[in-house]
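Here is the input, now give the coordinates:
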Amino acid sequence: MNSTYVYLMLFLVIMIGAYFFPYRKIKDKVFKKLIYKDPTTSKYLKYSCGKVVIEAERSGDNAWKIVVPAVWNADQSAIVKLIVRLSDLVVVDRISNAKDELKYGIGKHQSIEIFYGNKPIIINFGNDVEGCEMVYANVESSDNDVIMVSNSIRAHFPNSAEDFVNLNIFNVSYEDVKSVESVFNNSMYLISKQSNGWLLRGNMLLEDKGREIIDEIISIRASAIVDDKIKLSPKPEGSISIKLAKKSYTRYFFVGKDETHYFVPMGGSILVVDRTVKDMFEDK
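Modelled structure (predicted):
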């Protein structure tokens with residue numbers, strides 16, 4: 001290859017670098033991550049949007065719990081996914097000192113306050129950017145600039161507090177279950193683990209069939225959570241007990257006033273479960 005050509009190409013590369021370097025330096029706030037924090041070090045999260053206000057904190061065992069609007073068991077996955085996605089967001093563009101301009105809608109939509117240390121990072125989201133999959137935002141604890149980030153973050157925002165609540169009735173794994181016993185209307189149902197399968201009403205079930213039944217039971221999920229001051233019936237209509245190797249869980253099911261659902265007290269809350277849950281113990 002002609003040495004003159006090589007020198008010419010090298011010269012062009014140097015000139016292009018020299019041209020863009022000061023531009024990137026001037027625009028050093030662009031193309032950076034929104035949050036330079038390890039998601040696993042987050043310890044408090046507050047989400048606000050209109051009348052929806054949710055606060056969650058990480059407890060001593062590193063599990064998240066809802067503390068506002070009430071103390072509830074949290075959906076760990078939903079909260080962690082939001083925090084991780086925040087940490088993945090990249091600032092695509094920046095508009096200087098534009099926070100108060102009405103067209104960006106900053107402060108009229110979602111707001112997130114998150115603690116990693118002693119000082120919060122407050123992010124206020126605005127309108128969607130017209131013509132592209134971006135949303136305007138402002139990092140209140142940083143400056144008055146309006147930034148643009150991917151609006152994919154909206155997929156992780158809750159519509160209500162229930163979206164961050166753990167609505168699972170049983171938080172156990174199939175592999176840990178030793179037996180399941182239920183009593184509804186004085187009718188008892190028992191399925192227990194054996195060395196060669198599952199024993200149900202004197203019949204031995206193969207592993208696959210037993211797992212199908214167990215998975216259905218441990219996947220029972222509430223449809224909503226209600227005020228823990230609600231008055232329950234004096235006696236539950238039924239109960240489900242799941243035994244593990246070293247502990248067991250029992251949930252009591254109280255009939256609701258309209259007799260179409262059950263109330264299930266759990267973890268200081270009362271969950272609403274469809275009354276058809278008792279049907280899964282019939283004709284098996």
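
what's the spacing between the spatially most central residue of the chain and Asn171?
Of all residues in the chain, the one closest to the mean position by C-alpha atoms, centre = their mean is Ala78, 0.6 Å from it. Distance, Ala78 to Asn171, using C-beta to C-beta, to the nearest Å: 14 Å. Heads up, the C-betas are built off the backbone N, CA and C, glycines and all.

which of the residues in stretch 62-81 are buried?
Within stretch 62-81, the residues that count as buried by 16 or more other C-beta atoms under 10 Å are Trp64, Lys65, Ile66, Val67, Trp72, Asn73, Ala74, Asp75, Gln76, Ala78, Ile79, Val80.

State the three-state secondary structure for the fourth one.
Going back to what we said before, that points to Val67. With DSSP: H, G, I helix; E, B strand; the rest coil as the basis, Val67 sits in strand.

my read: it touches Glu57, true?
Yes. Applying C-beta atoms under 8 Å, one finds Val67 in contact with Glu57, separated by 5.7 Å.

Report whether the expected contact of Tyr267 with Ala74 is present.
In this structure residue 267 is Gly, not Tyr. No. Counting by C-beta under 8 Å, Gly267 stays clear of Ala74, with 10.2 Å between them.

Could you report the neighbour count for Ser111?
19 (other C-beta atoms under 10 Å).

distance of the nearest residue to Val129 once chain neighbours are set aside from Ala74?
Spatial nearest neighbour of Val129, chain neighbours left out: Met148 (5.7 Å); criterion: C-beta to C-beta, 6 or more residues apart in numbering. As judged by C-beta to C-beta, Met148 and Ala74 stand 30 Å apart.

show me the contacts for Ala245.
By C-beta atoms under 8 Å, 6 or more residues apart in numbering, Ala245 lies in contact with Asp176, Lys178.

Look up phi and psi at it.
For Ala245, the backbone dihedrals (degrees, to the nearest 10) come out as phi -60, psi -40.

so after the lowest-mean-pLDDT helix or strand in the chain, what's the next helix or strand?
Least confident helix or strand, the chain: helix 3-26 with a mean of 50, by mean pLDDT, DSSP states H and E. Once the chain leaves helix 3-26, the next helix or strand it forms, by DSSP states H and E, is strand 44-49.

tell me which element Asp208 falls in.
Using DSSP H and E, the element containing Asp208 is helix 207-218.

I meant to write Leu271 there.
strand 269-274.

same thing with Asn127?
Going by DSSP H and E, Asn127 is in strand 120-128.

shaky segments in the stretch 1-150 of the chain?
Scanning the stretch 1-150 of the chain for pLDDT under 70 picks out 1-31.

Now with 90, please.
Applying pLDDT under 90 to the stretch 1-150 of the chain flags residues 1-33, 59-62, 69-73, 107, 117-119, 140-143.

quick one, phi/psi of the residue nearest to Cys49 when sequence neighbours are not counted?
Nearest residue to Cys49 in three dimensions, chain neighbours excluded: Gln110, at 4.6 Å (C-beta to C-beta, 6+ apart). Per-residue torsions, Gln110: phi -80, psi 150 (degrees, to the nearest 10).

same deal with Lys81?
Phi and psi for Lys81, reported as degrees, to the nearest 10, are phi -60, psi -40.

and the gap between it and Lys33?
17 Å.

do the same with Lys99
Distance from Lys99 to Lys33, by C-beta to C-beta: 20 Å.

ok so, going back, which of the buried residues of stretch 62-81 lies closest to Asn124?
Distance to Asn124 across the buried residues of stretch 62-81 (C-beta to C-beta) is lowest for Ile79, with 19.5 Å.

State the helix or strand in which the closest one lies.
helix 76-88.
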